[in-house]
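Peer 1: requesting a structural model of the entry that follows:
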Amino acid sequence: MNQASLRIVVVGAGFGGLEFTRALGGAPVRITMIDKRNHHLFQPLLYQVATTALATS
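Peer 2: Next up is the predicted model:
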């Protein structure tokens, strides 16, 4: 199997899954990412939105 035909499945699109996928850069592989949500929630800023220190948009 040559490198161009490698397939990688990443389970979880949290910080770890996103960083792993980003680290692959331009590698000649096919990547499939699986997550139970269709968005990424950056939780460290939630308290700032709740206290109106940060706008929601």
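Peer 1: just checking, what packs against the helix or strand hosting L18?
Peer 2: Per DSSP states H and E: L18 is located in helix 15-23. Under the contact criterion of 3 or more C-beta pairs under 8 Å, 6 or more residues apart in numbering; DSSP states H and E, helix 15-23 touches strand 7-11, strand 30-34. Every residue, glycine included, has its C-beta placed from N, CA and C.
Peer 1: need those in TSV (columns: mean pLDDT).
Peer 2: Formatted as TSV, the helices and strands packed on helix 15-23 follow (pLDDT from 0 to 100):
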stretch	mean pLDDT
strand 7-11	96
strand 30-34	95
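Peer 1: which one of those strands lies closest to A55?
Peer 2: Taking C-beta to C-beta, strand 30-34 is the member of the helices and strands packed on helix 15-23 nearest to A55, at 29.1 Å.
Peer 1: export the helices and strands packed on helix 15-23 to a markdown table and tack on mean neighbour count?
Peer 2: Converted to a markdown table, these look like this (neighbours: other C-beta atoms under 10 Å):
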| stretch | mean neighbour count |
| --- | --- |
| strand 7-11 | 11 |
| strand 30-34 | 11 |
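Peer 1: next, format those strands as JSON lines and append distance to Q48.
Peer 2: Shown next, in JSON lines, are the helices and strands packed on helix 15-23 (distance: least, C-beta to C-beta, whole Å):
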{"stretch": "strand 7-11", "distance to Q48": "29"}
{"stretch": "strand 30-34", "distance to Q48": "28"}
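Peer 1: closest to F20 out of those?
Peer 2: strand 7-11 (6.1 Å).
Peer 1: who does that closest one touch, helix- and strand-wise?
Peer 2: Looks like strand 7-11 contacts helix 15-23, strand 30-34 (3+ C-beta pairs under 8 Å, 6+ apart).
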